[in-house]
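Engineer: After the sequence you'll find the predicted model.
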Amino acid sequence: MPSPLHIRAAGAADAEAIGAIYDEGVRSGVATFASGPHDAEERRAWLAGRPARAPVYCGEADGRVLAWSALAPFSHRPWYDGVAEYTVYVSSGARGRGVGLRMLDHLVAAAPSFGYWKLVGMILGANAGGLRLARSAGFRVVGTHRAHGRVAGEWRDVTVVERHLDQVAAVDDHLPS
């Protein structure tokens with residue numbers, strides 16, 4: 001039986017594992033518009049450049065990073081200050097074991113401490129696993145952006161999901177005056 005998943009803040013030492021998991025998603029063709037590779041140096045710079053309200057987490061078991069997740073401000077516009085976009089990536093060997101749901105539930109629980117009252121996701125239409133994950137975590141489908149971007153030269157749709165969070169008390173401290 002595998003060890004329980006431990007979720008913790010990501011650090012520079014996790015950069016290589018985060019990049020490898022991200023590149024698995026890139027190669028799938030259904031997880032992201034990004035292209036790789038995302039080597040350790042690139043991911044260390046990415047981690048170092050993230051603002052305080054854009055945390056990254058790793059999920060590990062038996063000393064191995066199996067997944068990573070992140071929050072990022074949805075927009076630089078102040079009226080969207082309490083809205084974050086979420087990201088969850090799970091290594092291919094750990095999929096189908098509830099790791100993604102644990103990672104997303106962790107983001108949902110952590111988000112209010114960063115002043116977020118709503119999370120949104122932008123999921124490529126062909127990413128059935130990502131859509132199942134969002135629904136399992138209580139997100140609802142808002143709609144679809146048609147031909148929103150290209151992967152390998154082909155136009156792809158993006159399904160937009162959202163979840164309003166139950167805890168909103170912490171938000172007032174983060175709103176602009």
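Structural biologist: Done, it's in.

Engineer: what is the rounded mean pLDDT of the helix or strand hosting residue 105?
Structural biologist: Per DSSP states H and E, residue 105 falls inside helix 99-110. What helix 99-110 shows for mean pLDDT is 97.

Engineer: So which bits of that helix are buried?
Structural biologist: For helix 99-110, the neighbour count (16 or more other C-beta atoms under 10 Å) marks 99-108, 110 as buried. Glycine gets a C-beta too; all of them are placed from N, C-alpha and C.

Engineer: Strands of the protein, start to end?
Structural biologist: 6-9, 56-61, 64-73, 83-90, 118-124, 140-151, 154-164 (DSSP state E).

Engineer: CA atoms only for the last one, dumped as PDB, please.
Structural biologist: I take that to be strand 154-164. Taking Å, rounded to 0.1, in the frame of the first residue of the first chain, the C-alpha atoms of strand 154-164 are listed here in PDB:
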ATOM      1  CA  GLU A 154      -4.600  22.600 -34.000                       C
ATOM      2  CA  TRP A 155      -7.200  24.900 -32.500                       C
ATOM      3  CA  ARG A 156      -8.500  23.800 -29.100                       C
ATOM      4  CA  ASP A 157     -11.500  24.700 -27.100                       C
ATOM      5  CA  VAL A 158     -11.200  25.600 -23.400                       C
ATOM      6  CA  THR A 159     -13.900  24.700 -20.800                       C
ATOM      7  CA  VAL A 160     -14.200  27.300 -18.000                       C
ATOM      8  CA  VAL A 161     -15.100  26.100 -14.500                       C
ATOM      9  CA  GLU A 162     -15.600  28.000 -11.300                       C
ATOM     10  CA  ARG A 163     -16.200  27.500  -7.700                       C
ATOM     11  CA  HIS A 164     -17.300  30.100  -5.200                       C
END
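
Engineer: Now do it: everything it contacts.
Structural biologist: 33, 108, 117-126, 131, 134-135, 137-150 (C-beta atoms under 8 Å, 6 or more residues apart in numbering).

Engineer: give me that answer again for 7 Å
Structural biologist: Strand 154-164 is contacted by residues 108, 117-126, 131, 134, 138-150 when judged by C-beta atoms under 7 Å, 6 or more residues apart in numbering.
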